[in-house]
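Peer 1: A structural model of the following input is requested.
(2 chains)
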Number of protein chains: 2
Amino acid sequence: MAIFFKMNAKEAPAISQILKLAQKFNNFYLNGFQSNEYLPFVIDGHQVGLIKPEVKKHLLSYPDIFTFQVNNTVHLNPSFHTYEARSKCLDQVLRELRTKNVFVALKGWRDECYEVRTRYTSEPLMKMERSATCLFGICNYGVDINGYIRHPEKGICIWLQKRSSTKQTWPGKWDNMVGGGLSTGYGVLETAFKEAEEEASVPSVLMTNLTPCGSVSFFFESERGLFPNTEFVFDLELPLNFEPKNKDGEVETFELLTVEDVLSRIQTPEFKTTSAPVVLDFLIRHGLISTENERHLPEIIELLHVPLQTMYRFDSSTPAIENGRS
Amino acid sequence: MAIFFKMNAKEAPAISQILKLAQKFNNFYLNGFQSNEYLPFVIDGHQVGLIKPEVKKHLLSYPDIFTFQVNNTVHLNPSFHTYEARSKCLDQVLRELRTKNVFVALKGWRDECYEVRTRYTSEPLMKMERSATCLFGICNYGVDINGYIRHPEKGICIWLQKRSSTKQTWPGKWDNMVGGGLSTGYGVLETAFKEAEEEASVPSVLMTNLTPCGSVSFFFESERGLFPNTEFVFDLELPLNFEPKNKDGEVETFELLTVEDVLSRIQTPEFKTTSAPVVLDFLIRHGLISTENERHLPEIIELLHVPLQTMYRFDSSTPAIENGRS
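Peer 2: Residues are numbered from 1 along each chain as shown, chains lettered A, B, ... in the order given. Reported below is the predicted structural model:
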């Protein structure tokens, strides 16, 4: 049976807290992205990212690797013309920048790579150390699992994880039950199964319930850099007596929360901002946030699916440049 | 249990048929909207629509009602400064244009009004005859119900309706089980209940299963005009033995289809193009279209949620004009 969350639309403030949250995890989409201050990063004629002026400053020290064009674009030197050559030269630059200690982002070095491409279906042009992709505004892809139960009295309750205090990013923050980035060589479903096992010890018999439910996309900026993120979302209904247990040391604890408590928690600074879209999408798909309690619903839903796949439009045949958009 | 649709990602063609369909119902968003040929339509300083040059030509005959500015915007004369006054004067113009027989769109006159506003949460500035809103690119809102069953052997099966051959728009085309526009004075949930009763005779006891699942947004153009549409979507799981029956004469017949047959049908010219987004969203949310069978999934999902709520940005304080975008 459908459950409508209780707050009445008429009681909602002019700009709802949920809309504010959707604007927060799209702080770059709604602000920096609309400006002309960021430089398209181009490989082999295709835009794959955006570079901040502060980052460009440091790349100027590598004129053999990066070329800076009058139209304000940064190109990877075309003499690196294979996936391997590009990946290797960037890796050397990034390792040097890491020792120079100029970027906060590189303090979280992962020794794990992400593919670099214009959009999800494009051929990867190179791979890049995960922690560095935010310096270049490379599109990131990840997987998130909404683990939940249908409690006989409390209705839908959702499992959240508290990230370990030793994680490189968002240490000690609350997060979805299971989540992970799509590293080179791993598929979407494969990553979902791997992370469910490592992070929450979900037995394979329960994983037969795993249902893909689409994706969310948003463009966040932090002090580390730019995060154009697409998260593939999965729902996993669990038995009432299941309790997630961490194996890989990346989770401090798990907690089962009512919808009302989840809604409060995602609005606190204790929740990882870039995981909130997955929770909101879950609550909307299950009728727990609807026009009956949230009058900004259409705008919030659009902010959960911003057009990242078509935003990097500069290519070498484009004469003028408009910060990657046309 | 999750059901993965069978086609393998590797068998999928370079641009999938589903991506092509998503581009088709966004033919204006991806083409005309990116050009500078359309003129913002402004009321009381707020952009509420876009006008084609062919439409502007006819509005030039009403210089007391529409003013045409050097920055290529069309303004409703500010001397009409109340909701009622604006609604009344536009109604007179539209009735005259209807008798002149210059617009195909007005042949489908409905005697039913839509609210005119910048975005869903903005105060309505006037109301306008439904069939005319596409001449001004006014944002439309509607409600759609996915009526479905869980068949013990065939899995999820979906009820579709065939529209009556006497309907003003898309006569004789296949459509979602229940759907309707949000007329002035009606709420979202209220419209869902009203249409479920009138179009499919769903008994109220079954309506307790109705679950709001968010919305889709897309921007379509036809020979009639511009359709920036937001549809609030509801899922309604039905008992195996339920059969929808039409009451209001707007439906010719209903048919229960397997997922595979629905996927085929929505790609034929026999299906109402602007109802396909609701079906695709349903199939994605239920795991029937996923990265396992559709590699363009993220792009398709973004095309199901294009940013209509923030696209009409011209306001009188904006000095330059960029076809409603900034």
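Peer 1: out of everything not next to it in sequence, what's closest to the closest residue to chain B within the stretch 51-200 of chain A?
Peer 2: As assessed by CB to the nearest CB, chain B sits closest to A:Val188 within the stretch 51-200 of chain A, at 4.3 Å. Just so you know, the C-beta spots here come from the backbone N, C-alpha and C atoms, and that holds for glycine as well. Distance criterion CB to CB, 6 or more residues apart in numbering or on different chains; nearest residue to A:Val188, sequence neighbours excluded, is B:Thr291 at 4.3 Å.
Peer 1: and the one you found, how many neighbours does it have?
Peer 2: Residues contacting B:Thr291 under the criterion other CB atoms under 10 Å in any protein chain shown number 21.
Peer 1: Could you do A:Lys247 as well?
Peer 2: Burial measure for A:Lys247: 11 neighbouring residues, criterion other CB under 10 Å.
Peer 1: Strands of the stretch 51-200 of chain A, residue ranges please.
Peer 2: Secondary structure of the stretch 51-200 of chain A (DSSP state E, counting those that start in this stretch): strands at A:66-68, A:74-76, A:113-116, A:126-129, A:140-151, A:155-163, A:174-176, A:178-181.
Peer 1: Save those as TSV, and put in mean pLDDT too.
Peer 2: As requested, those are exported to TSV (pLDDT from 0 to 100):
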stretch	mean pLDDT
strand A:66-68	96
strand A:74-76	97
strand A:113-116	97
strand A:126-129	98
strand A:140-151	98
strand A:155-163	98
strand A:174-176	98
strand A:178-181	97
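Peer 1: To A:Glu54, which of those strands lies closest?
Peer 2: Among the strands of the stretch 51-200 of chain A, strand A:74-76 comes nearest to A:Glu54, with 13.0 Å by CB to CB.
Peer 1: partners of that closest one in the sheet?
Peer 2: Strand pairing for strand A:74-76, determined by DSSP bridges: strand A:39-43 (parallel), strand A:66-68 (antiparallel).
Peer 1: Just grab the bridge partners of the closest residue to A:Val278 other than its chain neighbours for me.
Peer 2: Leaving aside its chain neighbours, A:Val278 sits nearest to A:Asp144 (4.4 Å; criterion: CB to CB, 6+ apart). Beta bridges link A:Asp144 to A:Gly179, A:Val233, judged by DSSP bridges.
Peer 1: A:Asp144 and A:Gly179 touch, don't they?
Peer 2: Yes: assessed by CB atoms under 8 Å, A:Asp144 is found in contact with A:Gly179 at 4.4 Å.
Peer 1: Overlap in contacts, those two.
Peer 2: Residues touching both A:Asp144 and A:Gly179 (CB atoms under 8 Å, 6 or more residues apart in numbering or on different chains): A:Glu231, A:Ser275, A:Val278.
Peer 1: Which positions in the stretch 51-200 of chain A make contact with chain B?
Peer 2: Applying CB under 8 Å from any CB of the partner chain, we find that the stretch 51-200 of chain A lies next to chain B at A:Arg119, A:Tyr120, A:Thr121, A:Tyr141, A:Gly187, A:Val188, A:Leu189.
Peer 1: Next up, the contacts around the fifth one.
Peer 2: It stands for A:Gly187. Residues near A:Gly187 by CB under 8 Å, 6+ apart: B:Thr291.
Peer 1: what pairs with the residue nearest to A:Ile138 when sequence neighbours are not counted across the strands?
Peer 2: Residue nearest to A:Ile138 in three dimensions, not counting chain neighbours: A:Gly49, with 4.8 Å by CB to CB, 6+ apart. Counting by DSSP bridges, A:Gly49 forms beta bridges with A:Phe41.
Peer 1: Could you double-check that A:Gly49 lies in contact with A:Leu39?
Peer 2: No: the pair A:Gly49 / A:Leu39 is not scored as a contact, 9.2 Å apart, by CB under 8 Å.
Peer 1: distance between stretch A:143-152 and the chain's centre?
Peer 2: 20 Å (CA atoms, centre = their mean, to the nearest Å).
Peer 1: ranges for the helices of chain A?
Peer 2: A:17-24, A:27-30, A:53-59, A:83-100, A:133-136, A:188-200, A:204-207, A:259-265, A:276-285, A:297-303 (DSSP state H).
Peer 1: As JSON lines, those with mean neighbour count would be great.
Peer 2: Below are these laid out as JSON lines (neighbours: other CB atoms under 10 Å in any protein chain shown):
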{"stretch": "helix A:17-24", "mean neighbour count": "18"}
{"stretch": "helix A:27-30", "mean neighbour count": "19"}
{"stretch": "helix A:53-59", "mean neighbour count": "15"}
{"stretch": "helix A:83-100", "mean neighbour count": "16"}
{"stretch": "helix A:133-136", "mean neighbour count": "25"}
{"stretch": "helix A:188-200", "mean neighbour count": "20"}
{"stretch": "helix A:204-207", "mean neighbour count": "12"}
{"stretch": "helix A:259-265", "mean neighbour count": "18"}
{"stretch": "helix A:276-285", "mean neighbour count": "25"}
{"stretch": "helix A:297-303", "mean neighbour count": "26"}
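Peer 1: As JSON lines, those helices with mean pLDDT would be great.
Peer 2: Below are the helices of chain A laid out as JSON lines (pLDDT from 0 to 100):
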{"stretch": "helix A:17-24", "mean pLDDT": "98"}
{"stretch": "helix A:27-30", "mean pLDDT": "96"}
{"stretch": "helix A:53-59", "mean pLDDT": "96"}
{"stretch": "helix A:83-100", "mean pLDDT": "98"}
{"stretch": "helix A:133-136", "mean pLDDT": "98"}
{"stretch": "helix A:188-200", "mean pLDDT": "98"}
{"stretch": "helix A:204-207", "mean pLDDT": "97"}
{"stretch": "helix A:259-265", "mean pLDDT": "97"}
{"stretch": "helix A:276-285", "mean pLDDT": "98"}
{"stretch": "helix A:297-303", "mean pLDDT": "98"}
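Peer 1: so what's the residue most central in space within chain A up against?
Peer 2: Centroid-nearest residue in chain A: A:Asn229, 3.3 Å away (criterion: CA atoms, centre = their mean). Counting by CB under 8 Å, 6+ apart, A:Asn229 touches A:Cys139, A:Asn140, A:Tyr141, A:Gly142, A:Ser217, A:Phe218, A:Phe219, A:Phe220, A:Thr274, A:Leu308.
Peer 1: Repeat that for A:Ala200.
Peer 2: Taking CB under 8 Å, 6+ apart as the test, what A:Ala200 contacts is A:Gly147, A:Trp159, A:Gln161, A:Met177, A:Val178, A:Pro244, A:Lys245, A:Asn246, A:Val251, A:Phe254.
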